[in-house]
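**Student:** Here is a sequence with its predicted model. Questions after.
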Amino acid sequence: MATPARMAEPTDPSSAATSTRTALRSDQVDLPPALTNRAKEAKWLDERLGIGGVGKAFLRYAFPNHWSFLIGEIALWSFVVLLITGVFLTLWFKPSMAEVEYNGSYQLMKGMMMSQAFASTVDISMDVRGGLLLRQMHHWAALLFVSAAFVHAARVFFTGAFRKPREVQWLLGVGLLFLATMGGFSGYSLPDDLLSGTGLRFADGLMRSIPLVGTWVEFFVFNGEFPGDLIISRLYMVHILLIPALILALVAAHVGLVAYYHHTQYPGPGRTEHNVVGEPAFPVYIAKAGGLFFLTWGVLALFGALVTINPVWTYGPYNPAQVTAGSQPDWYMGWVEGAVRIMPGWESHWGPTTWSWNIFIPGVILLGGFFTVMALWPWIEQWFTGDTRSHHLLEFPWQNATRTGIGVAIITFMLLLQFGGANDLIATHFALSLNAITWFLRFAVFLGPIIAFWVTKRICLGIQRRREERLVHGSPSGHMHRNADGAYHEDDVPIGRDEAFTLTSTPGPDPLEAGPGTDARGVHRNEPVSTRRARASRWWLGDNIAAPTREELEAGHSGDGHELEPSKK
Amino acid sequence: MKYLSIRRRHPVAKPLILVLALFLVGAVYALVVPTTQSTAAPGLSQQEADGQALFQVSCSSCHGLNGEGTSQGPSLVGVGAAAVDFQVGTGRMPMAKPGAQAPRKKSEFSAEETAALAAYVATLGPGPAVPDASVVDPSNLTEEEIARGGDLFRTNCSACHNISGQGGALPDGKYAPPLTGVEPTHVYEAMRTGPQQMPVFSKNVITDEDAQQIIGYLQTVSKENQGGGLSLGNLGPVTEGLWAWVVGIGGLAILAVWVTSKGARSK
Amino acid sequence: MNDNSPNELRRPPVDDPGPETPTPSWVSANPELSKAAQRRVVGAFGLSALSALISVVAYFAIPLHIQVELGSFRAGLHNVVFGTTMGLAILLIGIGSVTWGRNLMNDDEIVQERHPPQSSDEDRTEALAQLSEGVRDSGVARRRFIMGSLGGALGLFALPLVVTLAGLGPWPVPSRRRATIERTLFAEATPQAPIRLVNDVTFRPVKASDIEIGQLVNAQPENVQHLEGVELQQAKAKSSIILVRMDPETIQVPESRRDWQVSGILCYSKICTHVGCPITLWEQQTHHLLCPCHQSTFDLGNSGVVVFGPAARSLPQLKIGVDDEGYLIATEDFRVPVGPSYFERDSRNDFQEGDA
């Protein structure tokens, strides 16, 4: 039986110790002189801000050490890079649609008329030292911010980290994801170049298509008909003020709640629902997570220096009579773009009105529906599973086969739509027919996720079966053993205690039973469960293979002939 | 779920899945690969030469003994010397195999042979002539003129050929080819003759000066244009997104694995 | 195996073996390896500082307009050098810091207790008691109309502020729609004062005889030349047109549109009826026009009907003629609103397959 690691003092983030002690003496604590010499400053801060209490709570705060917990941090650090590079860019960018003649150094634009927004962007790219670096870093950071947020959301989804008590965290995260995509869209539209202007034209058509209020939304957003003279300035306000402010507020709440709940952890030896096993914040995690900040920023700076992104000078200024083949939005809008491309041309003309389903369904309903379902997910899953317990231990994805299958199905759906968004590039690069790709995807976006769900669920159930076998029978040892009757047995290497605990410490919930919510003795337990809900719950949970009971495990270990020493792990 | 689970180790399971997979791949390929399109092109042109001999050997099986056209290829009456110089000079003709579109490839004929073919076909009916080198030479253009060429390019050409001339998709497996590495003469000739699906851009609407400016812009964009680093194919947000995912979050995830890995232990 | 009461914690089948015994890392247990790791950390930080200094020098020293070209890598020298040195300066701090944390720090795991997020029972009771005391002090229980009237006032006070958003833009009432999105520059054309069609960018007027079969012209109304700035952009977003010439034998011209064309030269709106991208990708043999944004395809040899893609309405056609000098002219506006659909649009007049 391994002795536990040294226990830290139980910490209580809600209590701040006040200290009226005089300066520390160097014989009282084990600190280098550089720090004890700061004792006067520390005392100054403590007398005003009570930093001793905060220090006590967080200096040795435990961070569970797993790479998948750093993805959210990558998103956070990308956002910080966005803020820093963004502030620098505002020093030179002019968010005005007033027409000017270009007089910078880029020869291919000489003498051309363009908006000040575009002209200042070309100036930043060509005539401001370090300007192109800032622009490219900023745009790469935006792409990384959204992709890291998606991967982080997927990790939280597949490990069930959104379950009680973290539903509010999940809502904050969905809000952040939505704000990040809107921030990206408003940002890349600011240079008023041909590509993003085409995207704004699309947005204009999309707004118009909203039944009943479409023209009102269009005229209010653009201050009249497209393109008007205010959209760039309005997007500028949204991009540098409204969205960053909202993101900062949500991020503060999001990170604050992580600290309040303590981070979740994967099942493992010594890890229970009531503790956190991890590396201390000071010094280890500050070195690692702080290091990750510099790694993220460094990678983004190298991208900004070495890889072209959004070369607006090649696109030219926005002109409603010009367009480029291969017009796509940034990747995080690609799935909406794909849905709009593969949608058939359905429109209803009822009397003198026009109802544009062909744009409204993929553009508004799909986008809004996705984020709504995503936001409501913890409650959707809870309706199926009836699981109202608090969870701080994560699930392995294969433990919740239905949820993992649904997640993979959704990812498949979005990937297929992304292909749809790039269908013309796929056609030219793989010598395929554009029309055939579109037709294929019209069916594949429905069939693909169904197939993906089924295949994924089967794989998860297979892993669960293998886990059961491994727990009961261990692993094959390769030693054959013949008994007196002539029968052959292969000896097992029994599973190690640590691994067995890891695989069994998070039992999933059982399917709900239909009933009035009182048990046989008339004691009120939960809310009543309808037969429909019970059936749904059985669909979700019924195929899961439960871990063996204590008795089954012991039965499995005896009676199979010789056993070898359990593996140390 | 259970029906198939129980039978998952059945002897027929593996071969059956293999057959299903092959069928699926074949079906998908058949669905998406474009079919041959037979084409019919307009014509007009005229003049005489001994390209006729080359023509009989290399061209007449599809275009007819007198260039009148067959079911395999359109009539060449009136396409002009420019069309032949373009099609043969870029290797599109003779077509190696039937398909939705004639791809650009290495030309089978020398410059003299191409000129002879062009002269012969010009006799079949009047049509655009091969341009003088001075007509298509952009080296004397000012910067403003080249910028104007860019404006013309973005109005008339980029919708098919893409803003940096990377090419673009047309319906049913056809495509507008990339313009990188194309001779100025061939660009001019394509504009005047409208090969396959490309529309015609006649002299009276897009004058020779306009064409020269477009060519000047294309040359500058491909040779001297500013960049920000690796071009990622000049394909815009799609390849940028792929890079952000594969190298960006993929690479950083690998770095995250390194950050959290515990390293070798001493016992 | 499953018991009948949901959500009850069953006793897990395996007892908790406790966290793993911490073992020192291989590097920290070996003095030479530790020293090497320390050298790497210090080296990383040192290189970072050096790189930052080189970066500052490069910022000033490298001229701005030198290009570097290596295959598909094409960039400004300043950007490459300044950016790479800056990036390395930052990255190396990260590498040093992580190497320090992984190899040299004591990273034994610690165990902390979790506290449930909910407050303690005492706190809850105390909070409730304070709440009731406060409610009692406020006297709402006895004074009945206060809460209701407060609710009314609070519900309305923000309205004056919110209502200013009604000025975000002009209201698209029918008269404004007719003056803006339902009207193009061609509305100024009459048979007595027609508008010539000009080639876009060059603004040269186009003669019918200039256009060959299989030709596409990107065109504008001639009065676009007098506009600039926002007005110009707004006009181009509606008035841009394309002229195509097809062999009359190969196209279907309905009776009602016999006089809309000039010897096989037809004029269509360039603005897609899906979401408004300009379309100019025309296949001269199939007569199909493909929009690059979402691949809506229109058959210009059949009055612009949709043959593929998400567009729902045919491309509007403009009636054109020739003046006495042979230049192409328009004498009236489009007969339907051009561009994307909107709710109030009366789409019963758009051409449909089979219309005469």
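**Tutor:** Everything's here; your move.
**Student:** Only C-alpha atoms from now on, for both contacts and neighbour counts.
**Tutor:** OK.
**Student:** my guess is B:V130 contacts B:E189, does it?
**Tutor:** Yes: between B:V130 and B:E189 there is a contact at 7.1 Å, judged by CA atoms under 8 Å.
**Student:** check contacts around B:G236.
**Tutor:** Taking CA atoms under 8 Å, 6 or more residues apart in numbering or on different chains as the contact definition, B:G236 lies against A:I309, A:N310, A:G326, A:S327, A:Q328.
**Student:** near chain B too, which of those residues?
**Tutor:** Checked against chain B using CA under 8 Å from any CA of the partner chain, those yield the following neighbours: A:I309, A:N310, A:G326, A:S327, A:Q328.
**Student:** Enumerate the beta-bridge partners assigned to C:V217.
**Tutor:** Taking DSSP bridges as the rule, C:V217 bridges to C:L243.
**Student:** For B:E209, see how far away it is.
**Tutor:** Between C:V217 and B:E209 the computed distance is 17 Å (CA to CA, to the nearest Å).
**Student:** More neighbours: which of these two?
**Tutor:** Summary of the neighbour comparison: C:V217 and B:E209, criterion other CA atoms under 10 Å in any protein chain shown, with C:V217 having more neighbours (25 against 16).
**Student:** For stretch A:450-460, give me every contacting residue.
**Tutor:** In this structure, residues lying in contact with stretch A:450-460 by CA under 8 Å, 6+ apart are A:397-402, A:404-406, A:408-409, A:412, B:1.
**Student:** quick one: low-confidence ranges for the chain?
**Tutor:** Here I'm looking at chain A. Counting by pLDDT under 70, the low-confidence segments of chain A come to A:1-29, A:517-526, A:556-569.
**Student:** nope, chain B
**Tutor:** B:1, B:35-50, B:267.
**Student:** Give me the pLDDT value at C:S239.
**Tutor:** Per-residue confidence for C:S239 comes out at a pLDDT of 96.
**Student:** so how many other residues sit close to the closest residue to it other than its chain neighbours?
**Tutor:** When the adjacent residues along the chain are set aside, C:S239 lies closest to C:T184, with 5.3 Å between them (CA to CA, 6 or more residues apart in numbering or on different chains). Here the count is done by other CA under 10 Å, and C:T184 has 22 residues near it.
**Student:** In contact with C:T184, which residues?
**Tutor:** The neighbourhood of C:T184, defined by CA under 8 Å, 6+ apart, consists of C:A235, C:K238, C:S239, C:D333, C:F334.
**Student:** quick one: it from B:P171, how far?
**Tutor:** When distances are taken as CA to CA, C:T184 and B:P171 turn out to be 30 Å apart.
**Student:** Then B:E68?
**Tutor:** Here the distance between B:E68 and B:P171 works out to 28 Å (CA to CA).
**Student:** who has more neighbours, these two?
**Tutor:** Neighbours of B:E68 and B:P171, each counted by other CA under 10 Å, are more numerous for B:P171; the result is 22 against 16.
**Student:** Correct me if wrong: that one contacts A:L434.
**Tutor:** Yes: taking contacts as CA under 8 Å, B:P171 lies within contact range of A:L434: 5.7 Å.
**Student:** May I ask you to name the longest helix in the chain?
**Tutor:** You didn't pick a chain, so chain A it is. Longest helix in chain A, counting residues (DSSP state H): helix A:434-473.
**Student:** Chain C is the one I meant
**Tutor:** Under DSSP H, the helix in chain C containing the largest number of residues is helix C:31-61.
**Student:** about what we covered before: tell me the most packed of the contacts of stretch A:450-460, by neighbour count.
**Tutor:** If you rank the contacts of stretch A:450-460 by neighbour count (other CA under 10 Å), A:A401 sits at the top with 28 neighbours.
**Student:** Does chain B have contacts with the longest helix of chain C?
**Tutor:** No: using CA under 8 Å from any CA, no contact is recorded between helix C:31-61 and chain B, whose separation bottoms out at 11.9 Å.
**Student:** That helix: how far from the chain's middle?
**Tutor:** Chain-centre distance of helix C:31-61: 42 Å, with CA atoms, centre = their mean, to the nearest Å.
**Student:** Please apply the same query to stretch C:273-289.
**Tutor:** Using CA atoms, centre = their mean, the distance between the centre of stretch C:273-289 and that of its chain works out at 22 Å.
**Student:** Only the buried residues of it, if you could.
**Tutor:** Under the neighbour-count criterion of 16 or more other CA atoms under 10 Å in any protein chain shown, stretch C:273-289 has C:273-285, C:287-289 buried.
**Student:** of those residues, list those near chain A.
**Tutor:** Contacts with chain A are made by C:H274, C:V275, C:G276, C:C277, C:P278, C:I279 out of the buried residues of stretch C:273-289, judged by CA under 8 Å from any CA.
**Student:** so what's the last one scoring on pLDDT?
**Tutor:** We have a pLDDT of 96 for C:I279.
**Student:** quick revisit: which of the contacts of B:G236 ranks first by neighbour count?
**Tutor:** Top of the contacts of B:G236 by neighbour number is A:G326, holding 29 neighbours under the definition other CA under 10 Å.
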